[in-house]
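>>> Pasting the sequence and the predicted model now:
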Amino acid sequence: MRIAFLGLGIMGRPMAANLVKAGHEVSVWSRTAGKAVDGARSATSPADAARGAEVVWMCVSDTKAVESVLFGPQGVEESLAEGMTVVDSSTISPSATRKFAERVAARGVRYVDAPMTGSKVAAEAGTLIFIVGGDEAVIESLKPLFAAMGKVFFRIGETGKGQSAKLVMNLQIALIYEGFAEGLTLATKLGVDVEKLMPVIQASMIRSGVVDYKAPFVLKRDFTPNFPLRLMHKDIRLTLEAAKEVRVKLPALETVEEIYEMASEDGHQDLDYAATLTLLEKWAGVEVKGASA
Ligand code: NA7
């Protein structure tokens with residue numbers, strides 16, 4: 001297929017590379033000049049990349065970035081042609097997604113939201129999990145592309161539902177992790193050795209994917225970003241906005257948002273979101289340490 005891939009960040013670049021590897025004809029564009037992918041044509045603008053493409057796939061930071069790539073100067077809109085499909089793998093606002101979809105639909109273009117879960121490692125290995133919203137037949141036609149970049153995709157419903165489901169997922173990840181971080185902080189303050197506590201956690205119903213994944217990093221005090229705090233913070237804000245639009249109150253997430261705000265003020269926005277622990281430690285006057293730290 002002829003694909004325009006827009007946004008060569010931590011996730012986007014390996015995704016585009018996997019499309020090339022799968023034999024697709026790929027044009028790439030990223031806001032910062034000089035980013036390239038072997039075997040892909042480097043385009044000068046989103047409009048240039050999208051010209052003649054069957055599918056335009058985006059993976060940029062946030063709602064504003066998607067809007068600018070689509071509808072800004074030299075945006076994708078200039079090159080839209082009937083029958084084209086626009087796919088967005090960024091995590092952005094569900095309601096903005098529906099508006100963007102309506103605007104391109106007026107030009108005969110289909111829109112699929114396909115945010116993903118999985119780290120940089122999964123993007124490189126082509127084992128991402130896509131959470132998808134859009135027309136069933138259109139999504140079916142994208143199967144080879146999902147297969148090139150991911151291990152599985154789930155269709156949740158019509159356009160916008162992929163983003164909604166993604167926010168619901170990240171809400172739970174953020175809260176589960178904060179529970180774990182508060183537990184370790186209190187344990188340390190109460191004089192409980194966290195290395196002795198871990199096997200109890202793992203033998204109990206607290207055991208979870210989040211704890212399995214994060215515990216080794218936290219116990220080593222390794223906060224290098226697997227998923228940067230700034231991006232989880234963005235997703236928490238998006239979730240609170242989406243909840244407000246439908247008059248749902250999320251008191252726990254509101255509190256966690258404040259913790260992210262203060263962790264950012266402490267300069268931790270580019271560390272992993274696990275670094276929210278350091279704020280709890282500061283308040284408690286302790287440092288959580290495993291044997292390996
Ligand atoms: P990164 O590594 O921060 O990359 C973000 C990408 O978005 C990168 O290619 C940026 O371009 C691009 N970007 C940011 N702002 C803009 C604007 N205003 N216009 C155009 N392009 C922009 O994020 P990830 O790859 O980890 O994640 C991407 C999305 O997936 C995000 O929504 C996550 O929550 C999930 P540049 O680097 O300047 O070329």
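Right, received. Where do you want to start?
>>> All the helices of the stretch 1-150 of the chain, residue numbers only.
Using DSSP state H, counting those that start in this stretch, the helices of the stretch 1-150 of the chain run over 12-21, 46-50, 63-71, 94-105, 120-125, 136-141, 143-149.
>>> Distance of the nearest residue to residue 221 once chain neighbours are set aside relative to residue 218?
Using CB to CB, 6 or more residues apart in numbering and skipping residues adjacent in sequence, the residue nearest residue 221 is residue 293, 4.7 Å away. The C-beta positions use only the backbone N, C-alpha and C, and glycine is treated the same way. Distance of residue 293 to residue 218, given as CB to CB, to the nearest Å: 9 Å.
>>> number of nearby residues for residue 248?
10 (other CB atoms under 10 Å).
>>> Provide the backbone phi and psi angles at it.
In this entry, residue 248 is assigned phi and psi values of phi -110, psi 130 (degrees, to the nearest 10).
>>> okay, which residue is most central for this structure?
Among the residues of the chain, the one closest to the centroid is residue 91, at 5.1 Å (CA atoms, centre = their mean).
>>> ok, now which ones touch that one?
Contact analysis of residue 91 by CB atoms under 8 Å, 6 or more residues apart in numbering lists 115, 163, 166, 167, 170, 231, 234, 235, 238.
>>> Show me the residues you listed that map onto helices.
Among the contacts of residue 91, the residues falling in helices (DSSP state H) are 163, 166, 167, 170, 231, 234, 235, 238.
>>> you'd agree the second one is up against residue 133?
No: applying CB atoms under 8 Å, one finds residue 166 not in contact with residue 133, separated by 9.4 Å.
>>> quick revisit: which one of the ones in helices among the contacts of residue 91 sits closest to residue 12?
The closest of these to residue 12 turns out to be residue 231 (CB to CB; 13.1 Å).
>>> Please name the residues that touch that closest one.
Per CB under 8 Å, 6+ apart, neighbours of residue 231: 61, 91.
>>> sec struct for the closest residue to residue 280 other than its chain neighbours, please.
Counting by CB to CB, 6+ apart, the nearest residue to residue 280 once its immediate chain neighbours are dropped is residue 185, at 4.3 Å. What DSSP: H, G, I helix; E, B strand; the rest coil gives for residue 185 is helix.
>>> ok, the nearest residue to residue 12 once chain neighbours are set aside to residue 53 distance?
Once flanking residues are discounted, residue 12 sits nearest to residue 59: 3.7 Å by CB to CB, 6+ apart. Going from residue 59 to residue 53 by CB to CB gives 15 Å.
>>> These two: which has the busier surroundings?
Taking other CB under 10 Å, residue 59 and residue 53 do not tie; residue 59 has more neighbours (29 against 23).
>>> Can you report phi and psi for that one?
Torsion angles, degrees, to the nearest 10, at residue 59: phi -150, psi 80.
>>> That one contacts residue 4, correct?
No: the criterion here is CB under 8 Å, and residue 59 misses it with residue 4 at 11.7 Å.
>>> Write out the residues of the stretch 101-250 of the chain neighbouring the ligand.
Within the stretch 101-250 of the chain, the residues that sit near the ligand (CB under 6 Å from any ligand atom) are residue 231.
>>> Closest residue of the stretch 101-250 of the chain to the ligand?
residue 231 (4.4 Å; CB to the nearest ligand atom).
>>> ok, residue 113 - contacts?
Contacts of residue 113 by CB under 8 Å, 6+ apart are 87-88, 94, 97, 101, 132-134, 159-163.
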